[in-house]
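Trainee: here is a sequence with its predicted model. Questions after.
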Amino acid sequence: MRTWGLTFNRFFEGHLFACLVAGSMVGWWGNDLLSQGRFLVPAMFAYMTFVASLRCSWSDVRRVVTHPGPLVVTLVLLHGVVPLLVRLVAVVVPPASAEIFAGFILVGAVPIGVTSAIWTGLAGGDVPLALTAATLDTMLSPLLTPAVISLFLGMEVRIDLWGLQFALLQMLVIPAAIGLTVRDLSNGTAHARGAPFLGPPAHLMLVAVIAINVATVRGALEARSVALGWWVLGAFLLVAADYALGVWVPRRLGYPPPVTTALAYSVGIRNLSAGLVIAMEHFPPATGIPVVLSMIFQQPLAALLRRWLQPRASTPPR
């Protein structure tokens, strides 16, 4: 069982993009049945967050907080600069509706995705920094996500910010805190011992969450297919801008290559699965369209960035 679990985890992480595409296709073709499973999504996401948090410890959090420079840069780019770019672009090229604009803002409001640590490791970057940044951003999400939405979206789309904060606490913060604590109580062995058994269900739940939410958003996507090409272009440019900022700014600040790599993936990879859950639960259905489109480009661009960063990430600092 242990060997099978480890093999499954390696396969899933090595074929992450293909697995996510498969989940999206299943959701698209099974929309009527799968959309009835929306009530399961928050619980599945809480489990996935708990499993991912077993990779990190409270001591890792303290280390990053003690030297907060890279984390501050990441959060400013992630939740400040990128939503500001969306706001400025929307002035020049207005979206078709406030709901679509809200979706693009939501992409900049959700926390860092834990797969940033996976890509950081594959590219030779600072994995503890990437993992801790994702964990801290997740734990700050009840404050940061509603704040970004309120600041850049205002009253263009009415949402229940208190309900959003409570959902973020349930799905992300509480499971992350439990995961950190369990790892420390196990003297750092919880992830290694539990990954073969806890990892496969978490990976399958990720595919299921995507399938359920794509099934839910399908109707809104079909109803607005005329403007789909522009939204696809917008999603691609937004994700590409995330990665570009994540590389360019740390280099300008003189960070060593491993730190630059960690920040590039931390800024570029959002927890879009959580964003899709938020869109479906707290926004009109059309808001999920930019989130789904951003998911299409996030992992392929991460793979391209790895090819470009990997030789640099392994270079020792001067």
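Mentor: Thanks, I have it. Residues are numbered from 1 along each chain as shown.

Trainee: CA only for contacts and neighbour counts going forward, please
Mentor: OK.

Trainee: give the next helix or strand downstream of the helix or strand of the chain with the lowest mean pLDDT.
Mentor: One helix or strand of the chain scores below all others by mean pLDDT, DSSP states H and E: helix 31-34, with a mean of 71. Later in the chain than helix 31-34, the nearest helix or strand by DSSP states H and E is helix 41-53.

Trainee: buried residues in that following helix, which are they?
Mentor: V41, P42, M44, F45, A46, Y47, M48, T49, F50, V51, A52, S53 (16 or more other Cα atoms under 10 Å).

Trainee: run the chain-centre distance for it.
Mentor: Here helix 41-53 is found 13 Å from its chain centre; the criterion is Cα atoms, centre = their mean, to the nearest Å.

Trainee: elements contacting it?
Mentor: Packed against helix 41-53 by the contact rule (3 or more Cα pairs under 8 Å, 6 or more residues apart in numbering; DSSP states H and E) you find helix 174-185, helix 190-223, helix 272-282.

Trainee: output those as a markdown table; include the columns mean neighbour count, distance to D242 and mean pLDDT.
Mentor: Formatted as a markdown table, the helices and strands packed on helix 41-53 follow (neighbours: other Cα atoms under 10 Å; distance: least, Cα to Cα, whole Å; pLDDT from 0 to 100):
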| stretch | mean neighbour count | distance to D242 | mean pLDDT |
| --- | --- | --- | --- |
| helix 174-185 | 20 | 25 | 89 |
| helix 190-223 | 20 | 22 | 81 |
| helix 272-282 | 23 | 13 | 81 |
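
Trainee: what would these look like in TSV with distance to T145?
Mentor: Formatted as TSV, these follow (distance: least, Cα to Cα, whole Å):
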stretch	distance to T145
helix 174-185	16
helix 190-223	20
helix 272-282	10
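
Trainee: list phi and psi for the nearest residue to D60 once chain neighbours are set aside.
Mentor: Counting by Cα to Cα, 6 or more residues apart in numbering, D60 lies nearest to T132, which is 6.3 Å off, once chain neighbours are set aside. Taking degrees, to the nearest 10, you get phi -70, psi -40 for the backbone angles of T132.

Trainee: equivalent analysis for G125, please.
Mentor: phi -90, psi -170.

Trainee: shouldn't it be in contact with S266?
Mentor: No. With contact defined as Cα atoms under 8 Å, G125 does not reach S266; the gap is 11.1 Å.

Trainee: so which of the two has more stuff around it?
Mentor: S266 (33 against 29; other Cα atoms under 10 Å).

Trainee: for the chain, give me the ranges with low pLDDT.
Mentor: Where the chain drops to pLDDT under 70, the residues are 31-32, 91-96, 155-161, 219-227, 310-318.

Trainee: give me the residue at the spatial middle of it.
Mentor: N271 (1.5 Å; Cα atoms, centre = their mean).
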